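In: prediction below, plus the sequence it came from.
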Amino acid sequence: MHSTRAQQKMRSQAGFFIEDSLARCTGFWVASNLHDVEKHLARAEWPEERVQINLGQISALDTAGAWLIHRTITELEADGRQVSILDADERAHQLLELVRSRAESAMEPPKPYLPGFLESVGRKTGGQFKQFFEFLVFTGKLAFVFFRSVLRPWRIRWPLVVKELQNAGVNALPIVGLLAFLIGIVIAYQGGIVLRDYGANIYVADIVGLSMVRELAPLITAIIIAGRTGSAYTAQIGTMMVTEEVDALRSIGVSPLEMLVLPKLIALVIALPLLTVFADVMGLFGGMIMSATMLDMNTATFINRLAEALSLDSYLSGIGKAPVFAAIIAAVGCFQGFRVFGSAESVGRQTTISVVQSIFLVIIVDAAFSIAFAKLGI
Amino acid sequence: MLTESESIALHSLPRTGDCVLEAHDLVQDFGRKRVLDGISMQLNCGEILAIVGGSGSGKSTLMRQLALLQTPTSGTISLFGKDVTNMGEFDILPLRRRMGVMFQHGALFGDLTVLENVSMPLREHTDLDLETIEQIAMLKIALTGLEPDAAALFPSQLSGGMRKRAAVARGIALDPEILFLDEPSSGLDPISADAMDNLVLHLKKNLGLTILLVTHDMDSLWRVADRILLLANAKVAAEGSIHDLAGSGNSAAQQFFNGPRGRAAGACHDQ
């Protein structure tokens, strides 16, 4: 303890020296020290025929050190040398013996099977097709359960529906409202800059009104809900899959679709159009505030212009998309939840997939709606 | 490069019988509930100490505190003769390398294979070649009795018994001096549980490990434990060899060891 740090370092290192036919191992042959020794051993020039390895000056030896010694001996013997060990204490002998007895399996670590490029492409494609068909089956079952319970509404679990409405609808109001308001501001600002140059300030109401009500409000709301509520659905059902609660429901004779999925689907189909209306209002309000401050347009003018620019068709075509988006988000969220398999790790993975897939599908379907409305002239 | 504390750590290698881990007056409160109330104990080099007690008796909490995974509400812990109670996380690191922990459910990293799991401590704390690291890891895997083929599997592909063995292999990857085992035989079939007991004895004998295990498996207690610490009502109710405890008049020990299960296990071991 009274020695200097340098001395301590010297002593706590592992050493390896060759003198004539004698190799000496010194110091602490423990895993964290063996880096230099490993390099020495690989480059060492061993004497011909007979090698003696002296372990007398080793102060500490662990399995890693014993393994290096054992591996060296094996290599030397494979080259036709005679190797003997000198001055090993009882513990070193014991460790070397232990290492020797398991050496066979240590020499060749098995490699995990890695599929080639073509195989992984094939498997991935197959997996995607399979998932697609599974989703179709799930959608079919869900549609069946949905319409059956629409015919017998007293069998729907209304308390659960109300709870989901609270979670997916009421609790989402602040975030949906805030984001729609901000987007209304942004659009009024961007549109306003261009329109002011042409002296066409008044048309800012057209831009904000049409883009918010027809496109942005339904889309933004759906995307927020996919990230907020769809992911929660996947996580909830996924966790129940891991803890076998879903199987427990089945064993009691309750259909998981009726108990877990249907209330969510009904609640979201009700909540999302209402949230969209709220987003419409907040977006237009944001646009109005921005017009008043930046373009000096008084609010009465803005509202009058809005009434001329927005037809009922525009409003309904925006709101009408919301139930479809809701069904997509609920179905994808629950479907990915049921695909959770094995461990908690899988819950996280499926949740990510669920959000990405539902946002993707919502945008695709939105594009399809746009084309259809254009053809129909709405 | 070794830090000073590391080189000191290497110099003070304990001998059989020395006290390697000592706890004094440990207390743990969870909210208003006192889970541990003034526990003092010591662990001697080369022994297998079993902490036993009913469910909720605080034995897992005690093990977590001793393994430096949880700071006690009050009390002191000294490890290899150094007081570690108020030591910072970075100062504790070199001491952590001298301890291995097997968690109850393995706590293997799910996205790594068994071999990668066992290699991980070696990769983090040594500069050895990857090839050497994998060989040493395979050695540890073989020591725990797993088939070499199991090394390429992911934890989710293993049975409960295999998972515990893989967890032990990771625990002993750096040749620790103290190994903590949380419920090594719980949830295993009788054959795997026996094999686990054998593994514990084998590790003690061949690697000179000091082992602290938490269990309520009566057969394990008879077979592997050198000394037993019985917890009841958040305190140490009794301490000693299993023969002492089973024969003592202590009421907690009587309940524990002379119930139908305790007696059945004792009868098999000539008690």
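Out: Yep, it's here.
In: walk me through the domains of chain A.
Out: Split into domains by automatic domain parsing, chain A comes to A:5-107, A:138-376.
In: which one of those domains lies nearest to chain B?
Out: Taking CB to the nearest CB as the criterion, chain B comes closest to domain A:5-107 out of the domains of chain A, the separation being 3.7 Å. C-beta: built from backbone N, CA, C; applies to glycine.
In: any bit of that closest one sitting next to chain B?
Out: Yes: judged by CB under 8 Å from any CB of the partner chain, domain A:5-107 comes into contact with chain B through A:5, A:8-9, A:11-12, A:28, A:30-35, A:38, A:60, A:62-64, A:67-68, A:71, A:91, A:94-95, A:98-99, A:102-103, A:105-107.
In: quick check: mean pLDDT across that domain?
Out: Across domain A:5-107, the average pLDDT comes to 80.
In: now that domain, how far from the centre of its chain.
Out: Domain A:5-107 has its average C-alpha position 47 Å from the chain's average C-alpha position, going by CA atoms, centre = their mean, to the nearest Å.
In: coming back round to it: now mean neighbour count too, for the domains of chain A, in CSV please.
Out: Compiled in CSV, the domains of chain A are given as follows (neighbours: other CB atoms under 10 Å in any protein chain shown):
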stretch, mean neighbour count
domain A:5-107, 17
domain A:138-376, 19
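In: how about CSV for those, with distance to B:Ala234 added?
Out: Listed next are those as CSV, based on distance: least, CB to CB, whole Å:
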stretch, distance to B:Ala234
domain A:5-107, 38
domain A:138-376, 30
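In: so which of the ones you listed is nearest B:Ser119?
Out: Set against B:Ser119 and scored by CB to CB, the domains of chain A come closest in domain A:5-107, at 11.6 Å.
In: walking through chain A, point out its strands one by one.
Out: Taking DSSP state E as the criterion, chain A contains strands spanning A:14-19, A:22-29, A:50-61, A:82-86.
In: of the ones you listed, which is nearest B:Asn44?
Out: The stretch from those with the least distance to B:Asn44 (CB to CB) is strand A:50-61; that distance is 19.7 Å.
In: for that closest one, packing partners?
Out: In this structure, strand A:50-61 packs against strand A:22-29, helix A:63-78, strand A:82-86, helix A:90-107, with contacts taken as 3 or more CB pairs under 8 Å, 6 or more residues apart in numbering or on different chains; DSSP states H and E.
In: what do you get if the cut-off is 10 Å, keeping everything else the same?
Out: Under the contact definition 3 or more CB pairs under 10 Å, 6 or more residues apart in numbering or on different chains; DSSP states H and E, strand A:50-61 sits against strand A:14-19, strand A:22-29, helix A:63-78, strand A:82-86, helix A:90-107, helix B:4-11.
In: in the chain, which helix is the longest?
Out: Assuming you mean chain A. The helix that spans the most residues within chain A, counting by DSSP state H, is helix A:117-151.
In: you looked at the wrong chain, it should be chain B
Out: Ranked by residue count and defined by DSSP H, the top helix of chain B is helix B:190-207.
In: so which bits of it are buried?
Out: By neighbour count on 16 or more other CB atoms under 10 Å in any protein chain shown, the buried set for helix B:190-207 is B:192-193, B:195-197, B:199-200, B:202-204, B:207.
In: what is that helix packed up against?
Out: By 3+ CB pairs under 10 Å, 6+ apart, helix B:190-207 packs against helix A:90-107, strand B:48-53, helix B:130-143, helix B:160-171, strand B:178-182, strand B:210-214, helix B:218-224.
In: would you turn those into JSON lines with distance to A:Leu55?
Out: Output for the helices and strands packed on helix B:190-207, formatted as JSON lines (distance: least, CB to CB, whole Å):
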{"stretch": "helix A:90-107", "distance to A:Leu55": "5"}
{"stretch": "strand B:48-53", "distance to A:Leu55": "29"}
{"stretch": "helix B:130-143", "distance to A:Leu55": "19"}
{"stretch": "helix B:160-171", "distance to A:Leu55": "26"}
{"stretch": "strand B:178-182", "distance to A:Leu55": "25"}
{"stretch": "strand B:210-214", "distance to A:Leu55": "24"}
{"stretch": "helix B:218-224", "distance to A:Leu55": "31"}
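In: closest one to A:Val332 among the ones you listed?
Out: Across the helices and strands packed on helix B:190-207, the minimum distance to A:Val332, taken as CB to CB, is reached by helix B:160-171, at 33.2 Å.
In: for that closest one, buried residues please.
Out: Of the residues in helix B:160-171, those buried (16+ other CB under 10 Å) are B:161-171.
In: which members of those additionally contact chain A?
Out: By CB under 10 Å from any CB of the partner chain, no member of these lies near chain A.
In: which one of these sits closest to A:Leu265?
Out: Of all the buried residues of helix B:160-171, the one sitting nearest A:Leu265 is B:Arg163; the distance, using CB to CB, is 38.3 Å.
In: domain boundaries for chain B, per the record?
Out: Described in terms of automatic domain parsing, the domain architecture of chain B consists of the residue ranges B:17-98+B:177-271, B:108-175.
In: tell me who's in contact with residue 236.
Out: Unless you meant another one, I'm taking chain A. Counting by CB atoms under 10 Å, 6 or more residues apart in numbering or on different chains, A:Gln236 makes contact with A:245, A:260, A:264, A:333-334, A:337, A:347, A:351.
In: chain B was what I was after
Out: Applying CB under 10 Å, 6+ apart, we find B:Val236 in contact with B:36-41, B:51, B:53, B:62, B:229-230, B:252.
In: need those in a markdown table with pLDDT, secondary structure and neighbour count, can you?
Out: Formatted as a markdown table, the entries for the contacts of B:Val236 read as follows, by pLDDT from 0 to 100; DSSP: H, G, I helix; E, B strand; the rest coil; neighbours: other CB atoms under 10 Å in any protein chain shown:
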| residue | pLDDT | secondary structure | neighbour count |
| --- | --- | --- | --- |
| B:Leu36 | 86 | strand | 26 |
| B:Asp37 | 86 | strand | 15 |
| B:Gly38 | 86 | strand | 14 |
| B:Ile39 | 86 | strand | 25 |
| B:Ser40 | 88 | strand | 14 |
| B:Met41 | 89 | strand | 19 |
| B:Ile51 | 90 | strand | 26 |
| B:Gly53 | 82 | strand | 23 |
| B:Leu62 | 88 | helix | 27 |
| B:Leu229 | 88 | strand | 24 |
| B:Leu230 | 86 | strand | 25 |
| B:Ala252 | 76 | helix | 20 |
